[in-house]
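> Let's see this in three dimensions:
(chains A and B)
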Protein chains: 2
Amino acid sequence: MMGLARRGLLSGAGAGPDLILVNGADVATADDAAEAPAYGISPLNRGLHFGDGLFETIACRRGRARFLDLHMERLTTSCERLHINVGDVQAIRREIQTAAASADNSLIKLVVTRGEAVARGYGWSGKEIATRVLLRYGWPVEDASAQREGVRVRTASLRLGENPALAGMKHLNRLEQVIARSEVPPQEAAELLVFSQSGWLVSGTMSNVFLVRDGRLLTPRLEACGVAGVMRRVVMREARRDGLEVEETALDSRDVGTATEMFLTNARIGIWPIRSLDGRALTPGAVTRRVQDLLAPMLENPVDA
Amino acid sequence: MMGLARRGLLSGAGAGPDLILVNGADVATADDAAEAPAYGISPLNRGLHFGDGLFETIACRRGRARFLDLHMERLTTSCERLHINVGDVQAIRREIQTAAASADNSLIKLVVTRGEAVARGYGWSGKEIATRVLLRYGWPVEDASAQREGVRVRTASLRLGENPALAGMKHLNRLEQVIARSEVPPQEAAELLVFSQSGWLVSGTMSNVFLVRDGRLLTPRLEACGVAGVMRRVVMREARRDGLEVEETALDSRDVGTATEMFLTNARIGIWPIRSLDGRALTPGAVTRRVQDLLAPMLENPVDA
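Numbers count the residues shown, from 1 in each chain, chains lettered A, B, ... in the order given. A predicted model of the protein is given here:
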């Protein structure tokens, strides 16, 4: 076990990943010391210098990657938007499936950057070769009450900058989320709601958000900022299939104040009802429960799409 | 010569750096293969995952780092804003000086990230140990006409997101600059001017901008976005010392349209007059020349501050 393993970054249990692949090469099994440097990230990587790349966080249950088609679709679409040559998408898909299959329940984080800088400066030549990092983590210890009773949420004072050129993508420029998350310790708030500079509700720091009003599901439009989450998309799709009205719309703090139910979504958590927002109690109601019931089977027994 | 050197990333001439230090360790001289992995960047580095860090680009002439005190001050202040424990600032300062001294004219890029992630997610524990990457490049081949006749500039269609929580810092979330720079090839525009979402002039993608109106220097306020450049600060200071009026203010496209002179600044280029903006000819005039003359001696014979 070389390098990262020696420095205690690889761990079978605990907070760190139990598998790290860099461009498909396994860091932990790099027994040939002479080859080991290739498994670190180059100090010239544009992901490090500019956040010039994307990521996906994929939940895996019973050895299968959940909603893998949707994750691959978002990754591919975003790479096209940024003109990142991601390479063989089917090979990446298989790499994720293989990593998922050799664990029971796990979380896979895939990072794709434009690769190493060919020259100084922001410009890229098109000759860059994308860098791919796959990290696999054990499934985090669950607080079952989060799904059932819901979580406590606070509103972040940080507001997100608006930029349609970046909106929707799960890109690597996440300093806003880092700052917002640091406003309140996790034991006081499982998540923080974030608004945009113009005062529109966007999402949580690591989740999308839904409101219930008059029996309808409302979720913020993500044209100016925010990440178009895979679980958000699944919730909208399944709710509509089941006959619920779902609307992507502009929502502000008054909409939040009058919502009767609210919940958060992401690839890992599925659906977390919000049981308190800035101290105001909310009760997970019939619509939230209905959506949770709709999703439960596909969360436990993953299908690709 | 291991790793990066073997893969052709280190080069004495050309586009790549001729020196790479990761936390002070020299990549190129990592002859002990067993230690080599430590010189790559960890796949868990928060700089890669979130752009959770900062950088400085320092011009070095005759073996001395230009305006080193100002660079260190900005780095330190920004680390405080982001609660990044940068470590021994004096040691970093000496590292830069040493790297500068072993070359004649060079550019040093210093990247400081919050370090390796202790756990998944945006939150940080405070236990992270900052990662430091120093890259030294040969001085780029100069087009002398850039200083004298000026450069051609275009306006980027991308507008910068506004966020006071990030404004002023030279942080690693630079995807906006990457996208803006890619709008026009370098042979058509040496730089692109960028405005904010609200329509305010901010800067170039890699430079700050000054306008001349009625003999006064005007430069955008950077409260909502943009990087507070070291050369911008030097220009304001030296111009005021010489009796010029300098104002940081809100500027829009009409101000740009009526400016009689405009110039760009950054640590490397010093001052580039703009000779055309979106095809409109501009003539570097008396104020631009006066500021260039003020700065010339300190650009060639660096002092620390």
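
> the helices in chain A, which residues?
Under the criterion DSSP state H, helices of chain A are mapped to A:46-50, A:68-82, A:89-101, A:144-148, A:175-181, A:230-241, A:253-258, A:286-300.

> Nearest to chain B: which residue in chain A?
A:Gly40 (1.8 Å; C-beta to the nearest C-beta). From N, CA and C alone the C-beta is placed, and that goes for glycine too.

> was I right about that residue contacting A:Asn23?
No - judged on C-beta atoms under 8 Å, A:Gly40 makes no contact with A:Asn23 at a distance of 11.3 Å.

> Counting neighbours, go ahead and name the busier of these two.
A:Gly40 (26 against 16; other C-beta atoms under 10 Å in any protein chain shown).

> Which pLDDT value belongs to that one?
Listed pLDDT for A:Gly40 reads 85.

> Kindly report the same for A:Ala5.
Looking at A:Ala5, its pLDDT reads 44.

> Just give me the residue right at the centre of chain A.
By C-alpha atoms, centre = their mean, chain A has its centre lying nearest to A:Thr57, at 4.7 Å.

> okay, and the helix or strand of chain A with the least pLDDT?
The helix or strand of chain A with the poorest confidence is strand A:25-26; it has a mean of 88 (mean pLDDT, DSSP states H and E).

> quick one: strands adjacent to it?
Looking at strand A:25-26 with DSSP bridges, its partner strands are strand A:19-22 (antiparallel).

> Pull out the C-alpha coordinates of the strand it pairs with and format them as CSV.
The C-alpha coordinates for strand A:19-22 follow below in CSV (Å, rounded to 0.1, in the frame of the first residue of the first chain):
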residue,chain,number,x,y,z
LEU,A,19,-11.2,3.0,-3.1
ILE,A,20,-9.5,5.7,-5.2
LEU,A,21,-9.1,5.4,-8.9
VAL,A,22,-7.2,8.1,-10.9
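
> Averaged pLDDT, that strand. What do you get?
The pLDDT scores in strand A:19-22 average 95.

> Determine how far the least confident helix or strand of chain A lies from the middle of the whole chain.
Put simply, strand A:25-26 sits 23 Å off its chain's centre (C-alpha atoms, centre = their mean, to the nearest Å).

> Then stretch A:287-296?
Centroid displacement of stretch A:287-296 relative to its chain, using C-alpha atoms, centre = their mean, is 20 Å.

> quick one: average confidence on it?
Averaged over stretch A:287-296, pLDDT sits at 97.

> hang on, the earlier thing: comparing the helices of chain A by mean pLDDT, which bottoms out?
Minimum mean pLDDT among these: helix A:144-148, a mean of 91.

> That one near chain B anywhere?
No - using C-beta under 8 Å from any C-beta of the partner chain, helix A:144-148 stays clear of chain B, coming no nearer than 14.7 Å.

> Need the CA coordinates for that helix. PDB is fine.
Provided in PDB are the C-alpha atoms of helix A:144-148 (Å, rounded to 0.1, in the frame of the first residue of the first chain):
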ATOM      1  CA  ALA A 144     -33.300   7.000  10.500                       C
ATOM      2  CA  SER A 145     -35.200   9.900  12.000                       C
ATOM      3  CA  ALA A 146     -34.000  12.100   9.100                       C
ATOM      4  CA  GLN A 147     -36.200  10.200   6.600                       C
ATOM      5  CA  ARG A 148     -39.200   9.800   9.100                       C
END
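
> B:Gln97: which of the helices of chain A is closest?
Closest of these to B:Gln97 is helix A:46-50, at 22.8 Å (criterion: C-beta to C-beta).

> and the closest one with chain B, contact?
Yes - against chain B, helix A:46-50 shows contacts by C-beta under 8 Å from any C-beta at A:Arg46, A:Gly47, A:Leu48, A:His49, A:Phe50.

> a markdown table please, covering the helices of chain A and showing mean neighbour count.
Below are the helices of chain A laid out as a markdown table (neighbours: other C-beta atoms under 10 Å in any protein chain shown):
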| stretch | mean neighbour count |
| --- | --- |
| helix A:46-50 | 28 |
| helix A:68-82 | 18 |
| helix A:89-101 | 16 |
| helix A:144-148 | 13 |
| helix A:175-181 | 24 |
| helix A:230-241 | 19 |
| helix A:253-258 | 12 |
| helix A:286-300 | 17 |
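
> Among those, which comes closest to B:Asn208?
The minimum distance between B:Asn208 and the helices of chain A falls on helix A:46-50, with 18.6 Å, by C-beta to C-beta.

> okay, that closest one in PDB with CA atoms only?
Extracted C-alpha coordinates of helix A:46-50, given in PDB (Å, rounded to 0.1, in the frame of the first residue of the first chain):
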ATOM      1  CA  ARG A  46      -6.900  22.600 -14.200                       C
ATOM      2  CA  GLY A  47      -9.400  21.200 -11.700                       C
ATOM      3  CA  LEU A  48      -7.100  22.400  -8.900                       C
ATOM      4  CA  HIS A  49      -6.200  25.700 -10.600                       C
ATOM      5  CA  PHE A  50      -9.600  26.800 -11.800                       C
END
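
> any residues touching it, and which ones?
Residues from elsewhere that reach helix A:46-50 (C-beta atoms under 8 Å, 6 or more residues apart in numbering or on different chains): A:41, A:52-53, A:111, A:113-117, A:122, A:124, A:128, A:131, A:172, B:41, B:45, B:47-48, B:51, B:55, B:111, B:113, B:133, B:172-175, B:177-178.

> Grab the nearest non-local neighbour of A:Ser203.
A:Gly226 (4.8 Å; C-beta to C-beta, 6 or more residues apart in numbering or on different chains).

> isn't that neighbour right up against A:Arg232?
No - the pair A:Gly226 and A:Arg232 does not pass the contact test of C-beta under 8 Å, sitting 9.4 Å apart.

> What ranges does the stretch 101-250 of chain A have for its strands?
For the stretch 101-250 of chain A, the strands defined by DSSP state E, counting those that start in this stretch cover A:106-113, A:131-138, A:151-160, A:191-196, A:201-204, A:208-213, A:216-220, A:246-249.
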